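# Got a sequence here, can you model it:
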Amino acid sequence: MKKIHIILLVLIAGAIAVLISFLNTTATYETIAGAKSNPGKFVHVAAQLDKSVPLDYDDLKDPNLLGFIAYDTTGEKMKVIYRKGKIENLEISEKLVLEGRYDAAANQFECKRVQTKCPSKYKDDMKAAQKNIQHNAATGNTNENNTTYGK
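Numbers count the residues shown, from 1 in each chain. Predicted structure coming up:
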């Protein structure tokens, strides 16, 4: 066999190995019911924090352990365990993307990563802009340099 053939075979084997490892690490977006029905499978769950239940966090006992209840758009709830400490803006977030695996034996979601989707800081600016547009339309003022946002 020539050297070029050996190099090509090694490259093809490497490409196949990379593709197989990529397929094993990809995750899908699931509901809580979907995560519960596939325990052990790595998934992304779009959910919200249940603010009616207090966070389970004691920085003196274990500063790396955070527990909370999350629910999805169907209203189903689950306990979430996150072992990397308290998340700064968890309480103000509108939505969460939880990445991890559901543990059926412990009846909880073992979360490896949490993405918080916080309220837009531009919401109030958009409301002011809408009000300004309505005011300008009512008064007939079409001057585009008239910016009275927040006034």
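# Report the contact partners of the residue nearest to the spatial centre of the chain.
Centroid-nearest residue in the chain: Val97, 1.9 Å away (criterion: CA atoms, centre = their mean). Going by CB atoms under 8 Å, 6 or more residues apart in numbering, Val97 touches His44, Val45, Ala46, Ala47, Val114, Gln115, Lys117. All C-beta atoms are positioned from the backbone trio N, CA, C, and that covers glycine.
# which ones are touching the fourth one?
With CB under 8 Å, 6+ apart as the criterion, the residues that contact Ala47 are Ile32, Ala70, Tyr71, Asp72, Val80, Lys95, Leu96, Val97, Leu98.
# in the helix or strand where it lies, what's buried?
Using DSSP states H and E, Ala47 maps to strand 43-49. By neighbour count on 16 or more other CB atoms under 10 Å, the buried set for strand 43-49 is Val43, His44, Val45, Ala46, Ala47, Leu49.
# Just put those in TSV and tack on pLDDT and distance to Ile87.
Formatted as TSV, those follow (pLDDT from 0 to 100; distance: CB to CB, whole Å):
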residue	pLDDT	distance to Ile87
Val43	91	19
His44	93	16
Val45	95	15
Ala46	93	16
Ala47	95	13
Leu49	95	10
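# Of the residues you listed, which is the nearest to Glu76?
Ala47 (9.2 Å; CB to CB).
# what's the closest non-adjacent residue to that closest one?
Ala70 (3.9 Å; CB to CB, 6 or more residues apart in numbering).
# cool, and Tyr71?
Closest residue to Tyr71 apart from its sequence neighbours, by CB to CB, 6+ apart: Lys77 at 4.5 Å.
# Verify the stated contact: the one you found with Ile32.
Yes: counting by CB atoms under 8 Å, Lys77 touches Ile32, with 7.1 Å between them.
# The two - which one has more neighbours?
Ranked by neighbour count (other CB atoms under 10 Å), Lys77 and Ile32 place Ile32 first, with 24 against 14.
# Pull the contacting residues for the more buried one.
Val45, Ala47, Ala70, Tyr71, Asp72, Thr74, Glu76, Lys77, Met78, Phe109.
# Select, from the residues you listed, the two members most distant in space.
Thr74 and Phe109 (15.2 Å).
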